[in-house]
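# What follows is a predicted structure for the sequence shown.
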Amino acid sequence: MDTVERRIVSVAAQLDMVAKAVEGWRPNSEGSKSINRFQTTLEAQFRKLQELSKEWTIKKIADFENEKSQIAEIFENVNEARIQLQVETGLQVSKIVHSIEESLKRSLLKDLQPSNIADHKYYLEGEKKEVLRRVVCTPGTRERLQAEIVSWARDTSSATIYWLFGAAGTGKSTIAYTVARRFEVATANDTVALGGNFFCSRQFEETRSAGLIIRTIVYHLALRCKPFADALGHSGKFDTIHQDVRAQLEGLLIAPWRASESARHAELLAPSQYIIIVDALDEIDGRGGADFLRDLLDAIDNHHLRDIKFFVTSRPDQDLVAHVSKFIDKKLYRLEWVSQDEAQGDIQMYLHTALPYLPGNDLQKLVTAAGNLFIYAATITKYLEKHQPEEQKELIEKLFSVSSSTHLHSSRMTAPLDRLYDQILSDTFGDFEEEFLLRRQQVLFTLLCTAVRTSTLIVSQLLGIGHDNTNIADEVVQHLHAVLYVEDNKVLWYHKSFPDFLFDKTRSKKFWCDRDDHHKLLTLSCFQIMKKGLQFNIADIPSSFVFNNDNPALLDMVQQKISPILKYSCQHWDHHLLLSMSNSLGDVLEEFLQLHVLFWIEAMNLMGLDGLCDGMLRRASTRGTQKKSALADHFAEAARFALYFSGSGASLSTSHLYISALATWPSNWEPCRTWKTHFPGIPAFVNAIGNEISLMAIHTKSDVTSVAFSTDGSRIVSGSDEKSVRVWDASTGQELKVLDVQVTSVAFSSDGSRIVSGSCDRSVRVWNASTGQEVKVLDGHTAEVTSVAFSSDGSRIVSGSYDGSVRVWDASTGHQIRMLDGHAAE
C-alpha cells in the first residue's frame, strides 16, 4: 500500500470514528458546530487524497515531491482541525461543568436558605469591607496561637471541637477570621480545607439567629464537597431547615456526612479534613448561642464524626464551661491564658502597623493601657487615625491626663477601655452647654435603645428635634466614628463593649444611659406620634364592600399615609413600655385606650400586622400598670377585642373593624363601651347578652380530644379523632400545620419549638412545631397513652398510659430515663 492509500485509510478511519461518536447524540448548538467543522474538514481532505490516488503512476513518479507536499498539507489541515476540536470541546466541557455547579448552587440556595451576611467573605469587596471590621491578624501577631490552631486542624487524632473563649475585646473574631482565610486559600498540598463558616453578629437579624447556623454551614460544605452534596440531595431532608438545631444537625449535616464517607475517601485530590468555623456565639439572641454549642457537643459525642472539625469562639459562660469540660472530644482555650508579655507584644505590633508615625513613648503608653484588650487597640486607632501626628500626640496626652480615679469602679480589665470611651465621648459632647449636651446624648441613647437598629431620621423624629432635619443626629454619629458606623441607612456599633459601657453607671459615670428613664421617654414619644398620626380610615378606603387584597390602590395609600416613624411607633411602643420601670405612664395609656387604640388596630391591619395586636396589648396589661388594676383590665379587654377582630373574616377588609367587629362585640365593659359612643352609626345588637364571649371559633372536621396553648400564647395545638394534630395561630385562627397521627393528648414545649403527642397506638411522638415534621418516636408503653407533658426546661417528657405506668423520657435522645409504677392498669 503506497503513501496515499495509507493516508486515505487513516482519514477514512477518523471519519468513521466521528460518525460513530455522534450517532444518536444531540449536542448543543456550539457542540454541533465544532463536530460539523471537524467532519467537513475530514471529508474535504479525504476527497483530495482520493484524487491523488487516481493520477497516473508515471505522473506520480515525476511529481513525487509535489505529491509529498500535498499529502503533508492535507494532514496538517486534518491535525489543525483535530486540535481545534479538542480545544473547543474542552472549553465546552468546562462551561457545562460550570453550568452544573451553578445549577447546584442555585438549588442549594433555594433549599437551604442560608445567610449571606454570616459568610466571612461577604464584606471583602467594595465599601462593605469595613462594615463588621472583619480583618486578619496583623502580620507578626497571634503567631503562637495561630500555629496551635493550624496544628490542631491538621492532626487527625486531635479533638473534634476547639472552643476559643474570652472576654469582649480580646480579639476572638479577628483570630476566627484569620483561621477562615488561612484554610479558604489553602494550597494544593494542604490536607485541610474550610468546609463552612458562620460569623454571628447581633447587628443583623440573620446573623443572630441560631436556626440559620447549620443551614449556612451545610450550604458552604455542599459547595466544597461534592460527595456530601450528593448525599445531602439523596437524603431529601431539606424540610429540616425549619426545625430546631438538633434536628438540623441530624438531618442536614451528620446523616449526609456519614453517608458520603466512602465517596469522599475515593476522591484522590479532595481534602482529607474539613474545618467548620462558628464565631461569636454570644451574639446569638438569648441563650441560643450556648444552646447551639451544647447541641453541637452532644451530636459530636453521640456520633464520633470523622474528617470534620469545628472551631468555635464566644464569650465565657461558666455554666457552659463546666458542661463542656465533661466531654473528652474537645479542646478549650481561654484568651486570658495568653501571657501578658505575649499579648502586649502582639498589640504593640498592631499599633505600630496602624499608627506608624507615633513616637515610641506614646506607643508604649497605649500598649500598657490596652493590657490584653485588642478592642482597645482597634478603637484607639480609629480615634486617632483621622488626625495628624502632632494632633495624635495631643489627644494621647489628654487621654492619659484623665485621673485613673475617674474609673475607680471599673474592673481592672475594662478600666483602660473605659477611659478611652470616656475620652471619645468627652471630645464629642464636652464643649456643649447643658441643653445642647442633653440633646446630643439623647440621640446617642436612642440609637442604642431602639427596638431595631434604625436611621438618624427615625431617631431625630422620636426625639422631636427635626421632622426631616437630621443634622444633629448625623453630627453625633460622625463625631463618634471610632465607635459607630452607618450601613444601609442604619446606625450600628463596632463592638458590644461600647453599649455595655454606657449602660453601666459605675463605668460611664456622667455619660451613663439610664435605660429605664430613656425607654420611658421613647414610650411617651411613640404614643405622641401615634396620637398625632393615627386617624379613622387613615388610608381613605372608599368602600367597605372590597377586600384589602382586591383594592389595587391600597398599598400605595398605606405607604403614603403611614410614615416610617409612625410605623416604628405602632410596631414598637410595647418594647419601650416593657423596658421602662416607670409607673407614671397611666394617663398616657388611658388616653390611648379611649379611642386611638382602635385607629392603631386599623393601621396594624393595613400593614398586615394585626396578628401582633393581641400580644402587645396583653403584655401592656401586665407591665407598667400593676398599680392601676382598672387600667390593666382595660388593656386586657382591648386585647380580647383585637383577637376577636384578627381572628375573624372581618380582618380581610379593614373597614369592618368598625362596622362588623366593633358592632358585634357583645361586651359592655370599658373601653369598648366608650368606643361605641364615637360611632353611633354602626349597627347595634340589642339582644346580645353576657360578657363571656367566644373570641375565636376554630372549626375542625371531627371531635377534638385535646388542646394546649404554647407558652407565649401565640399558637394553639389540638388533637382530634380524625387522626391529626393541628397547630393554629392563636391571634388569627389560621391553620399553620397538620400532623398526621391519631392522638389522645398534646402539649407544647416551654420554648414553643416542639410538640409532644400521646396516641392510641401506644407511642409518644415528638414533632417540630414550625415544620410539622416528626422528630422522634418514644416506644415503651404497652397500652394507649392518655397524657403527655414537657418539663419546664424542655429536657424531659412525661407520659401516662392505660398500662398503669408513668414514664419519664430524655427529650433530646428519646431514651427512657425511668418508669414510675403504682397506678392500676385498665
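Perfect, I can see it now. All of these numbers come straight from a predicted model, not from anything done at the bench.
# wait, isn't Ser621 in contact with Ala632?
Yes. If you go by CB atoms under 8 Å, Ser621 and Ala632 touch, sitting 4.7 Å apart. All C-beta spots, glycine's among them, are computed from the backbone N, C-alpha and C.
# Look at those two and report which has more neighbours.
Ser621 (21 against 18; other CB atoms under 10 Å).
# list the contacts for that one?
Applying CB atoms under 8 Å, 6 or more residues apart in numbering to Ser621 gives the contacts Ala632, Asp633, Phe635, Ala636, Ala639.
# what's the answer for Phe503, then?
Contact analysis of Phe503 by CB under 8 Å, 6+ apart lists Leu448, Trp512, Cys513, Arg515.
# Tabulate those residues in TSV, adding columns for secondary structure and pLDDT.
What follows is these, written out as TSV (DSSP: H, G, I helix; E, B strand; the rest coil; pLDDT from 0 to 100):
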residue	secondary structure	pLDDT
Leu448	helix	93
Trp512	coil	94
Cys513	coil	94
Arg515	helix	92
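# Of the residues you listed - the most surrounded one?
Among the contacts of Phe503, Cys513 has the most neighbours (other CB under 10 Å), with 21 neighbours.
# ok, now how distant is that residue from Cys760?
If you measure Cys513 against Cys760 using CB to CB, to the nearest Å, the figure is 58 Å.
# Check Val806 too.
For Val806 relative to Cys760 (CB to CB), the value is 18 Å.
# now do Leu502
In this view, Leu502 and Cys760 are 59 Å apart by CB to CB.
# more crowded one of these two?
A count of neighbours by other CB under 10 Å puts Leu502 above the other of Leu502 and Cys760, at 22 against 15.
# Chain neighbours aside, what residue packs nearest to the more buried one?
Cys513 (4.6 Å; CB to CB, 6 or more residues apart in numbering).
# show me the contacts for the one you found.
So Cys513 contacts Gln441, Leu444, Phe445, Leu448, Cys449, Leu502, Phe503 (CB under 8 Å, 6+ apart).
# follow-up on the earlier one: got the contacts of Ser621 as JSON lines, with secondary structure columns?
JSON lines is the format used below for the contacts of Ser621 (DSSP: H, G, I helix; E, B strand; the rest coil):
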{"residue": "Ala632", "secondary structure": "helix"}
{"residue": "Asp633", "secondary structure": "helix"}
{"residue": "Phe635", "secondary structure": "helix"}
{"residue": "Ala636", "secondary structure": "helix"}
{"residue": "Ala639", "secondary structure": "helix"}
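# top of those residues by neighbour count?
Busiest of these [other CB under 10 Å] is Phe635, holding 27 neighbours.
# mind listing what that residue touches?
When contacts are counted by CB under 8 Å, 6+ apart, Phe635 touches Leu589, Leu593, Leu617, Arg618, Ala620, Ser621, Thr625.
# min pLDDT across these, which one?
The member of the contacts of Phe635 with the lowest pLDDT is Thr625, at 46.
# And the strands in the stretch 701-826 of the chain, which stretches?
Assigned by DSSP state E, counting those that start in this stretch, the stretch 701-826 of the chain shows strands spanning 704-709, 715-720, 724-729, 735-740, 743-748, 754-759, 764-768, 774-778, 785-790, 796-801, 805-810, 816-821.
# ok and the last one relative to strand 764-768, angle-wise?
To tie it back to what came earlier, the one meant is strand 816-821. Relative orientation of strand 816-821 versus strand 764-768 (axes from the mean of the first three to the mean of the last three CA atoms, to 10 degrees): 140 degrees.
# and if you look at the third one?
Interaxial angle of strand 724-729 relative to strand 764-768 (the same axes, to 10 degrees): 40 degrees.
# Strand 724-729 - contacts with which helices or strands?
Strand 724-729 is packed against strand 715-720, strand 735-740, strand 754-759, with contacts defined by 3 or more CB pairs under 8 Å, 6 or more residues apart in numbering; DSSP states H and E.
# hey, C-alpha coordinates of it in CSV?
Output of strand 724-729 as CSV, limited to C-alpha atoms (Å, rounded to 0.1, in the frame of the first residue of the first chain):
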residue,chain,number,x,y,z
SER,A,724,-54.5,14.6,63.1
VAL,A,725,-52.7,17.2,65.3
ARG,A,726,-53.2,20.7,64.1
VAL,A,727,-51.4,23.9,65.0
TRP,A,728,-53.2,27.2,64.8
ASP,A,729,-52.3,30.9,65.0
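# quick one: which of the strands of the stretch 701-826 of the chain is nearest Gly288?
Proximity to Gly288 (CB to CB) singles out strand 754-759 among those, at 15.4 Å.
# quick one: average confidence on the closest one?
87.
# Kindly report the same for stretch 487-498.
Mean pLDDT, stretch 487-498: 83.
# re earlier: next, give me the two most distant ones among the contacts of Phe503.
Pairwise distances across the contacts of Phe503 (CB to CB) peak at 11.8 Å, for the pair Leu448 and Trp512.
# Return every residue with contacts to both of those two.
Common contacts of Leu448 and Trp512 (CB under 8 Å, 6+ apart): Leu502, Phe503.
# Now the closest residue to Ser455 other than its chain neighbours. Its backbone dihedrals?
If the residues on either side of it in the chain are set aside, Ser455 comes closest to Asn489, at 4.8 Å by CB to CB, 6+ apart. Per-residue torsions, Asn489: phi 60, psi 20 (degrees, to the nearest 10).
# For burial, what's the neighbour tally of Asn489?
11.
# Run through the stretch 151-300 of the chain and note the low-pLDDT ranges.
186-189 (pLDDT under 70).
# Let me see the ranges of the strands in it.
Taking DSSP E, counting those that start in this stretch as the criterion, the stretch 151-300 of the chain contains strands spanning 161-165, 192-199, 273-279.
# Include mean neighbour count and distance to His495 when you put these into CSV, please.
Below are the strands of the stretch 151-300 of the chain laid out as CSV (neighbours: other CB atoms under 10 Å; distance: least, CB to CB, whole Å):
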stretch, mean neighbour count, distance to His495
strand 161-165, 23, 16
strand 192-199, 24, 14
strand 273-279, 24, 14
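# got a markdown table for these, with distance to Cys225 too?
Compiled in a markdown table, the strands of the stretch 151-300 of the chain are given as follows (distance: least, CB to CB, whole Å):
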| stretch | distance to Cys225 |
| --- | --- |
| strand 161-165 | 19 |
| strand 192-199 | 7 |
| strand 273-279 | 7 |
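# looking at these, which is closest to Leu598?
Closest to Leu598 of the strands of the stretch 151-300 of the chain is strand 192-199 (CB to CB; 44.3 Å).
# one step back: mind listing which of the contacts of Phe635 are in helices?
Leu589, Leu617, Arg618, Ala620, Ser621 (DSSP state H).
# State the pair within those that is farthest apart.
Taking CB to CB, no two of these sit farther apart than Leu589 and Arg618, at 13.7 Å.
# who has more neighbours, those two?
More neighbours surround Leu589 than the other of Leu589 and Arg618, with 22 against 19 (other CB under 10 Å).
# mind checking how far the more buried one is from Leu617?
11 Å.
# Ser339 now?
Applying CB to CB, the value for Ser339 to Leu617 is 57 Å.
# so which of the strands of the stretch 151-300 of the chain gets nearest Thr40?
Per CB to CB, nearest to Thr40 of these: strand 192-199, 46.0 Å.
# ok, the contacts of Phe503 vs Ala222, which is closest?
For the contacts of Phe503, the nearest to Ala222 is Leu448 (38.9 Å; CB to CB).
# Just give the nearest non-adjacent residue to the closest one, would you?
Once flanking residues are discounted, Leu448 sits nearest to Pro499: 5.0 Å by CB to CB, 6+ apart.
# From the contact counts, what lies against the helix or strand harbouring that neighbour?
Assessed by DSSP states H and E, Pro499 sits inside helix 497-502. Where contact means 3+ CB pairs under 8 Å, 6+ apart, helix 497-502 is packed against helix 415-429, helix 434-449, helix 505-508.
# can you list contacts of that helix?
Contacts of helix 497-502 (CB under 8 Å, 6+ apart): 168-169, 375, 414, 417-418, 421, 444-445, 448, 483-484, 493, 507-508, 511-513.
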